[in-house]
Structure formats: C-alpha cells, structure tokens
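> Build the 3D model from these lines:
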Amino acid sequence: MRSDVVAVILNWNCAEETIRCLRAVATGTAVPDIIVVDNGSEDDSLARLALVEEPFTLVELDSNLGFAGGMNAGIRAAHARGAEWVWVLNADAVPRPAALAALLEHTGRFAASASRQVTSLRPDDPETESYLVAAMLPNGRVEPFRCSGCAEGPHEVDVVTGAALFLSVPWVMRVGLFDERFFHYKEEFDLVHRIAAAGGKVGLVCASEVWHLRGGSLNTASARAQYYHYRNEILFVRKHYSRPLKRMLLSEPIHYKTLTRSVLGAAVGNHEQRSRSIAVLAAYWDGVRGVEGPTERF
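Reported below is the predicted structural model:
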C-alpha cells in the first residue's frame, strides 16, 4: 500500500456504488490509502460502510457540500497525512486493476491527469464506449481531444475532466482546491485549468482505464443537472475571462442555439421538456448575475 497516494471517494446516498468503487481500488495492482467522504448522506450509507472489511478512513460531513466541498474535505485529509497525490473518484466509477499503476508511471511528467474513461450499462460489460474527458484550448476555445486507447499511452492536453482525476497535492494546494461556488459540475475543469495556467502539465493516460456510469450522482437529463451545467459554464467564463459577455456573445455561438432551443422547449415542449428548458433559461440568468452555490429550485 502506497501512503504517498490517497484515493478519495465521495459518497452521497449511494453506499452500494461507493463500496464497489472502494473494493476495485483496494484490489488494484497498486493500492493507495483510501478515504471515503460521506457528503451528509440521509440514507443508511454510514451503517453499510461500517461493515466494509477493506481498510479505509471515513470522513463524515454534516451536510451535502456538493462535489467540490466534499472532495475538498477529502483532499485536506489527504494533505494532512502527507500525501503527494490524490486520486479523486466518483462513487459510481470502477477503476480497472492497473488503472492507478499506469497513472503512477507519469508522476514525473503531469501535475494533473485523467484515465481513459469508458461507459456501459455495467462495469463487466465486454463492450464499452469511451467518452470525452480531455480537450485542447486554443485561444480559450474548447476542442475535444478523443482517444479510445492507443499504443502511445499518455497525451499532453490542456485540460481533463471526468470521474477519475489524479492530482498532485502540492500543485492543488498551490493553486487552491476545488472552487465550492460551482457546487456541482465544472469544478474539476476549473481546478485543472488553474493548474495548467500556473505551469503544471496535464495529461490523458490511455493505459489507465476507469469505467463510469455517466450521470450516476445526478441524472444528467434532470432539470437540476441542466441548471448546474449551464449556470456553471457561465460562471467559469465570468471567472477566467476579462470580457465574459463579449466572449459569450461573439466567441461561443452555441449559446444562441441553446437559448433558442430552450425558449422553444419552454413554450411548446412536453412537461419534462418545459422543466429542463426553464432550468436552462434560469441557469443563464443566474450565471450572468453571478449566482453561485447549490439550488433547490429544480
């Protein structure tokens, strides 16, 4: 077991998925210390976690602080015990046995990296689909970087996101932890972007594979997920660009399409379409006004 590496798994009312992830980490070819952060669960998560035989440290939070706040609690705990690296994992992620070992091969190169991430109905499905977790940012515009696995192995990119990030603790402490104003979505993009802006190298490590049930922590089709996604896109632009309104109006025409589609959906869509469309419109309005943190509106 490597004490210089800590895996941080965030649990929120999902003990079954958390335990599955924990056991996958604990049986890998390289085994880190493990911290599970319970993000104020309201179900029987704590009782179920108490029955787990694999060694781990439990950090209990009194309330749901979102992905950013929950992971920050885990990173602080890892830093306090002297960890050099944190592997931040969604509870619904399942690392393959060699996933961490492959990431560790590139600690001398990358300050932040992501595994190649795949999805399917179940972790043991023989056929999976890779999904986007890396991008280049020429002139600040996002250009997806796609690789479904290759002999080259690691790719240097501008930013990585996803359900499994491998981060240098000294770099994280230098640039600041996850920005809790985002609460949920875009916080990992923001942190890696800050590491890259400060000079840290960012990588996609194809030899490291992690399965992930996409949208497991918050249904990506829900009105609330739509709200966080679009509001935080605007908050990110407000945070990182000197002329955010000009950028949104002139450099990213996708916003026009999104807003037009949402207006139509709110006017003539079915009940679910109206709910999502109204959430998107509210997200833009709140993002422009700088509204931050959690919402209970959707």
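
> ranges for the helices of the chain?
With helices called from DSSP state H, the chain shows them at 15-26, 45-49, 66-80, 99-104, 169-175, 187-197, 223-240, 244-246, 254-268, 271-289.

> Make CSV from those and add mean pLDDT and mean neighbour count to it.
Just so you know, the C-beta spots here come from the backbone N, C-alpha and C atoms, and that holds for glycine as well. As requested, the helices of the chain are arranged in CSV below (pLDDT from 0 to 100; neighbours: other CB atoms under 10 Å):
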stretch, mean pLDDT, mean neighbour count
helix 15-26, 98, 21
helix 45-49, 98, 16
helix 66-80, 97, 22
helix 99-104, 97, 23
helix 169-175, 98, 17
helix 187-197, 97, 22
helix 223-240, 92, 21
helix 244-246, 75, 13
helix 254-268, 90, 14
helix 271-289, 93, 18
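
> out of those, which comes closest to Val6?
Each of the helices of the chain was checked against Val6 via CB to CB, and the shortest separation belongs to helix 66-80, namely 3.8 Å.

> That closest one to helix 187-197, inter-axis angle?
Between the direction of helix 66-80 and that of helix 187-197, the angle (axes from the mean of the first three to the mean of the last three CA atoms, to 10 degrees) works out to 50 degrees.

> Please export the C-alpha coordinates of helix 66-80 as CSV.
Taking Å, rounded to 0.1, in the frame of the first residue of the first chain, the C-alpha atoms of helix 66-80 are listed here in CSV:
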residue,chain,number,x,y,z
GLY,A,66,-21.6,19.3,-3.3
PHE,A,67,-18.8,17.6,-5.3
ALA,A,68,-16.4,20.5,-4.7
GLY,A,69,-16.9,20.8,-1.0
GLY,A,70,-16.9,17.0,-0.4
MET,A,71,-13.8,16.4,-2.4
ASN,A,72,-12.1,19.3,-0.7
ALA,A,73,-12.7,17.7,2.7
GLY,A,74,-11.0,14.5,1.4
ILE,A,75,-8.1,16.4,-0.1
ARG,A,76,-7.5,18.3,3.1
ALA,A,77,-7.4,15.0,5.0
ALA,A,78,-5.0,13.5,2.5
HIS,A,79,-2.8,16.6,2.7
ALA,A,80,-2.8,16.4,6.5
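
> Tell me how many other residues crowd Cys147.
By the other CB atoms under 10 Å criterion, the neighbourhood of Cys147 contains 16 residues.

> need the contact list for it.
116, 130, 134, 155, 204, 206 (CB atoms under 8 Å, 6 or more residues apart in numbering).

> Let me have the helices of the chain in TSV, extended by distance to Val159.
Formatted as TSV, those follow (distance: least, CB to CB, whole Å):
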stretch	distance to Val159
helix 15-26	24
helix 45-49	32
helix 66-80	17
helix 99-104	17
helix 169-175	13
helix 187-197	5
helix 223-240	11
helix 244-246	18
helix 254-268	17
helix 271-289	20
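
> among those, which is nearest Thr161?
Relative to Thr161, the nearest member of these by CB to CB is helix 187-197, separated by 5.0 Å.

> Give me the distance between the closest residue to Arg247 other than its chain neighbours and Ile234.
Closest residue in space to Arg247, ignoring its immediate chain neighbours: Tyr241 at 4.9 Å, by CB to CB, 6 or more residues apart in numbering. As for Tyr241, its distance to Ile234 is 11 Å (criterion: CB to CB, to the nearest Å).

> now swap in Ala26 and tell me
Ala26 is 40 Å from Ile234, by CB to CB.

> likewise Ala7?
For Ala7, the distance to Ile234 equals 32 Å [CB to CB].

> what do you get for Glu17?
Here Glu17 is placed at a distance of 30 Å from Ile234 (CB to CB).

> Now the residue lying closest to Trp171 once chain neighbours are set aside, what are its backbone angles?
On the basis of CB to CB, 6+ apart, the spatially nearest residue to Trp171 that is not a chain neighbour turns out to be Ala111, at 4.3 Å. Comment: the main-chain dihedrals of Ala111 come out as phi -90, psi -20, following degrees, to the nearest 10.
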